[in-house]
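K.L.:
Turn this into a structure:
(4 chains, ligands or ions: 4)
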Amino acid sequence: MEEIAMEDTHSHGHQIDPKVEYSAAKFGMWLFLGTEILLFGGLFAAYAIFRAKYAELFHEQHKELDVTLGAINTVVLIFSSLTMAMGVSAIQRGKRNLLSILLVITILCGIAFGVNKYFEYGAKFEHHLTPGTSIFFALYFMMTGLHMLHVFAGITILTVLLVLNLKGKFSANYNTPIEVGGLYWHLVDLIWIYLFPLLYLIS
Amino acid sequence: MATKTHSEEHHHDHEEPHIVGNSVYIIVWVALMILTGITVWVARHNFGVFNIVVALGIASIKASIVALFFMHLKYEDKLTWTFALYPLFLLALLIGLTASDVFYRLSP
Amino acid sequence: MANHTIAETLYVPYLDEKGILSWLLSTDHKRIGIMYLISISTSFLIAGISSLLMRLELIAPGKTIVDAHQYNVLFTFHGTVMVFFFIVPGLAASLGNFLIPLMIGARDVAFPKLNLGSYWLYLLGATILLISLLKPADTGWTFYTPYSIKTGTDVILLTTGIFILGMSSILTGLNFIVTIHKLRAPGMTWHRLNLFVWASYATAILQLLATPVVGITLLLLIMERVFGIGFFDPAKGGDPILFQNFFWFYSHPAVYIMILPAFGVISEIIPVFSRKPIFGYKAMAYSLLAIALISFLVWAHHMFVSGMSEVAATIFSFLTMLVAIPTAIKVFNWTATLYKGSIQLHSAMLYALSLIFLFTIGGLTGVFLGSLAVDVHLHDTYFVVAHMHYVMIGGTVMGFFGALHFWYPKMFGKMFNEKVAKVAWALIFIGFNVTFFPQFILGTLGMPRRYADYPPEFHSLHELSTIGSLILGIGVFIMTVNLLRGLTNGEKAPENPYNSVSLEWQVPSPPPHENFEKIPVVTDYPYVYGKKNTQEG
Amino acid sequence: MNWLPEQASDFAGRVDTVIWFVTIISLISFILITIGLVYFAIKYRRRSENDETPYITGNLFLEMLWTVIPSILVMVIFVYGFVVYRDMRTPPQDALEVNVTGKQWLWQFQYQNGKSTINELYVQQDKPVKVVMRSDDVIHSFFVPAFRVKQDLIGGMYTYLWFTPTKVGIFDLYCAEYCGTGHSAMLGKVIVMSPEAYDRWEKGEEEEEGKAVAGLPPDQLGEKLYKERGCNACHSIDGSTLVGPTWKGLFGHEVSLTDGSTVTADENYIRQSILEPQAKMVKGFGPVMPAFKGILSDDDVAAIIAYIKTLK
Ligand code: HEA
Ligand code: HEA
Ligand code: CUA
Ligand SMILES: [Cu+2]
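P.N.:
Ligands and ions are numbered 1, 2, ... in the order given. Prediction:
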């Protein structure tokens, strides 16, 4: 064993160096976002194919969707992205209380989004528009439904982070979970940015 | 890829969270709101085939802004960029090559 | 576990702690690797037994032991378990978990808890598969619509199980990519990595980015059955071929998820038993990445006669040919590594050499299938069955068995009986060829696959194939028993029985919980065998 | 060497040439590698623990060589396969069209002259045929090994293939895409006739067939129909259950239906079961049997009933 020399480095024990941990966690989340994009990717591909095939149908049926509700939800989500981003900056500067407030606003936005969607779905079902109605509504329900699941997942993550923050777990020195959780929340926003024009604004 | 990530190795030793000022965020947010307004406004007008182009174009600008600023992609290393863009490339492949099937089928 | 320093601890092998919970709750990458190993081996044996039942049914025309529906259930079960429960998670999750941290000089993977979570997801998926056996699906492992929408069997549960397995696979891939990027020991540059690590890295990219597409595809299939959405149902304006596009967008890259780790494995075994550096290290490393990247471009070669457009068929046939090139480089470089070596035909080496031999047959027959005019005739015949078994058994399973024999002393600190191992190898090698070579001929003669019954003219070749499968089964049985006996009766293994210079052999066998007492500093790549000054001998 | 089926269409020979071409390239590469493996493994086997080995890490020239040569070869294979494939996808203008419908689990052919057949495709020697295909349910695949043709049948769209049969004879037709329980029984025949025989068939099969068939007693005609019309895909005569109930001992027995009632299997019941199978569904079976109304004549049905009566 001459070739690979073993030398003593200063890292003892099982703990990973916090800097490595930070960059690993963030990188890991980016990879995960890549997966998410391709998960939605199947739906986007189906959308592209069917929209080209059934342009008329898409145009007719999208009128059933409520652009105002969609637009309100867009504004709500983008605003929540803003508060989330500000939250990350806040804790990086060590402002724990500000982070809590911003997280609460973000979560409330998420809930508002969900409530809004609840009414939207309700209205659709009242008009007997279900996933089985047509390819357009199948896409509509699948895309927004899968997105909705992600909103719920995001809300859960943020709530956990909020509780941890209230317990004082985060500080200017340690805030990786906030930044990583924030990335996930932004993805939810990012996907909605596409869903809104694709589903609600077909002209 | 290897050499790229190789240099990144020296990088992550002093990787620090990049703190962005709130003013930047507010500007970004205002831009996003304006763009949202534009998409809705544009959708009421008919530009023929360009409708979808415009709609997706604006959406992509918005998405890039979110990624670059809110998600700090602007300050990330090459490695993160690679893994952020590669899925998009694959998505384009999935759509493009599938379309090469669906839209070129001949009927007998 | 976390805070004591190594200097204070004595050497405690990772296997020492007893009790089932100490395993199921362990975040130690080595224990998780071993748990995967046990799970996938069990899956392999069960699915292998179901294949023996299929072969028995096919021993003669007419009904032999099962009826048509039961036969369809059998090959569906065989295919799904072999693919999703054995070979896709297979080498990547079991060996990858065990070896990557040891090879890159890390104490664990980047996210140990997530790693354990992946394993639990695997178990959950397997449980759901078992429940689905109450009304087992009969769709084939490809779940083609609209049959999978219409059949009365339990497709929903089975696909849910596979969906969950997909999540497990994604998280494993994610974990490995981050680990390889961020946790390499000082001095462990990319060009000093073991080729197995390179292979795992390429595999992980595929796992991470191809799997979500099959996830959404299966989800859509479930939605079609539950809510009647019509993406894939022609009766509702949907497009059944779209399903195939989506399915193969994953499942073609998946075949490289299956094979790349095996390529990695034999790139470790061959240099050690030839005492030569691997021939063309960089080409070997980058060809792995090339295969992974190109593999996303060829999916529709499974659909040449599906009614897809001729334009697409042409593009995909062309792209398919491209994968042969990086693979060719690998095959030739392995062979060249043997040149002027000092070759020891250890059982692991026998499996490695069989891999080169058998995979070449499998790969070359893949080129037959990639050629448009030829595939029209051969598609969905036994030629395809033979091709896939030559690459999956002749390739992956040979690599897997090779790896088991090679790292056995490392994993368990014991030795198996080498003579019995060689006998088992011979039976497996002969049995395998007798089983599957006749299937190439059956296929060119026109015998379609997934047939519970067949016209009498195919009888003799089917009979031969069944006999072969029994020899193969006996071989696998002997190998299994030999390896299991080694655990209890085996001699204690030397620390580094093959004098390997690779990092994982520099720690005690079995490795201690923390892997490295001190994090090593790496100064060269792991294939420095032979005399350096004799550049050309 | 008989590892390819008989060649009975005009491009069977061309496809085989491609297959041979790929086979030879493959054999050469395979033999080279095998020789390398075996020779090295023997010549350089370990003689002692301290064998000296040279430190060879690679050779750029060799590596280039075995990158470039296979690249060229695979491109040639691609082009050759493509050229032949393109011709296989381009039917001539004068091809005779036949419509095929695939159903679980039988083939139905409709000819331009208004005739229709089940599981038997009648074509004329040396006359190009274009088969236009569609499926009533799941995907099937039309595969005639002797012609080297295969194409999937898909619901909701038409697909096609074409061939020119070159030999008179009867050739196997298989369903090559998995389509459920009866997949392996979804077999048919392609009957290639000389121009004269084809003419006679076109003018009236009844005459020709009729003569041969008229001599048969009804139960034997029934047996013939049982095999030819594909009943055997789903109904056994030995008591085992396939997709449908067995015919053994059917006649005169009580049959329980899905609606809970029972009927006696008499002539009327069986007749209705054949012509409108979904009218009275047997318990424990799905609605998969195709309706034979308009396909089987009254005489055919009577013959089948006579045959079922013999199956005690
Ligand atoms: C481990 C899994 C694995 C691997 C590695 C491969 C590798 C390849 N496969 Fe295979 N394949 C499967 C698993 C795999 N396959 C499975 C499971 C199916 C069936 C799925 C189903 O329908 O159920 C299938 C089906 C399949 C089909 C569809 C057949 C059909 O249904 O009609 C095709 C068509 O192109 C194909 C092609 C190839 C090619 C070109 C390669 C190439 O990567 C091979 C490259 C290797 C070589 C070429 C050999 C080494 C090179 C040389 C020795 C150099 C000299 C070579 C030349 C000059 C040509 N495969
Ligand atoms: C990793 C993948 C893999 C592996 C390893 C195998 C292994 C085997 N396969 Fe299979 N196979 C597939 C993947 C695989 N297969 C797939 C994907 C399909 C397509 C399915 C579809 O069409 O949907 C298929 C289809 C398939 C068919 C075609 C079915 C058809 O189209 O009608 C056949 C037929 O011969 C077959 C046979 C075999 C045999 C004999 C083995 C043998 O190698 C098995 C060897 C193993 C054993 C024989 C087990 C030995 C164990 C014991 C004897 C018990 C010992 C017990 C203890 C020690 C406790 N397989
Ligand atoms: Cu019809 Cu298989
Ligand atoms: Cu493939």
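
K.L.:
C-alpha only now, for contacts and for neighbours.
P.N.:
Fine.

K.L.:
Figure out the helix or strand that residue D:2 lives in.
P.N.:
According to DSSP states H and E, residue D:2 maps onto no helix or strand at all.

K.L.:
oh sorry, the question was meant for residue C:527
P.N.:
Here residue C:527 is assigned to no helix or strand, by DSSP H and E.

K.L.:
Look up phi and psi at it.
P.N.:
phi -130, psi 30 (degrees, to the nearest 10).

K.L.:
burial measure for the residue nearest to it when sequence neighbours are not counted, as a count.
P.N.:
In space, and not counting its chain neighbours, residue C:527 is closest to residue C:277: 4.7 Å by C-alpha to C-alpha, 6 or more residues apart in numbering or on different chains. If you count neighbours by other C-alpha atoms under 10 Å in any protein chain shown, residue C:277 ends up with 27.

K.L.:
so the residue nearest to residue D:111 when sequence neighbours are not counted, which of the three states?
P.N.:
Excluding the flanking residues, the one nearest residue D:111 by C-alpha to C-alpha, 6+ apart is residue D:98, at 5.0 Å. Of the three states, residue D:98 takes strand under DSSP: H, G, I helix; E, B strand; the rest coil.

K.L.:
who's residue D:98 bridged to?
P.N.:
residue D:111, residue D:131 (DSSP bridges).

K.L.:
got a list of what it touches?
P.N.:
D:109-112, D:129-132 (C-alpha atoms under 8 Å, 6 or more residues apart in numbering or on different chains).

K.L.:
can you check residue A:144 too?
P.N.:
residue A:195.

K.L.:
Next one: it from residue C:282, what distance?
P.N.:
46 Å (C-alpha to C-alpha, to the nearest Å).

K.L.:
for residue C:263, same thing?
P.N.:
For residue C:263, the distance to residue C:282 - C-alpha to C-alpha - is 14 Å.

K.L.:
thinking again about what came up before, now do the phi/psi pair for the residue nearest to residue C:527.
P.N.:
The phi and psi values for residue C:277, taken as degrees, to the nearest 10, are phi -60, psi 150.

K.L.:
repeat for residue C:509
P.N.:
Torsion angles at residue C:509 (phi, psi; degrees, to the nearest 10) stand at phi -110, psi 130.

K.L.:
So which bits of the stretch 1-150 of chain D are right by ligand 3?
P.N.:
By C-alpha under 6 Å from any ligand atom, the residues of the stretch 1-150 of chain D that approach ligand 3 are D:104-105, D:140.

K.L.:
And the residues you listed, which is closest to chain B?
P.N.:
Closest approach to chain B among these (C-alpha to the nearest C-alpha): residue D:140, at 17.4 Å.

K.L.:
wait, what's in contact with that closest one?
P.N.:
Applying C-alpha under 8 Å, 6+ apart, the residues near residue D:140 are D:102-103, D:152-154, D:175-179.

K.L.:
would you list those in JSON lines and tack on neighbour count, secondary structure and distance to residue C:152?
P.N.:
Converted to JSON lines, those look like this (neighbours: other C-alpha atoms under 10 Å in any protein chain shown; DSSP: H, G, I helix; E, B strand; the rest coil; distance: C-alpha to C-alpha, whole Å):
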{"residue": "D:102", "neighbour count": "26", "secondary structure": "strand", "distance to residue C:152": "20"}
{"residue": "D:103", "neighbour count": "22", "secondary structure": "strand", "distance to residue C:152": "17"}
{"residue": "D:152", "neighbour count": "27", "secondary structure": "strand", "distance to residue C:152": "23"}
{"residue": "D:153", "neighbour count": "30", "secondary structure": "strand", "distance to residue C:152": "22"}
{"residue": "D:154", "neighbour count": "26", "secondary structure": "coil", "distance to residue C:152": "20"}
{"residue": "D:175", "neighbour count": "31", "secondary structure": "strand", "distance to residue C:152": "21"}
{"residue": "D:176", "neighbour count": "28", "secondary structure": "coil", "distance to residue C:152": "22"}
{"residue": "D:177", "neighbour count": "27", "secondary structure": "coil", "distance to residue C:152": "19"}
{"residue": "D:178", "neighbour count": "24", "secondary structure": "coil", "distance to residue C:152": "15"}
{"residue": "D:179", "neighbour count": "28", "secondary structure": "coil", "distance to residue C:152": "13"}
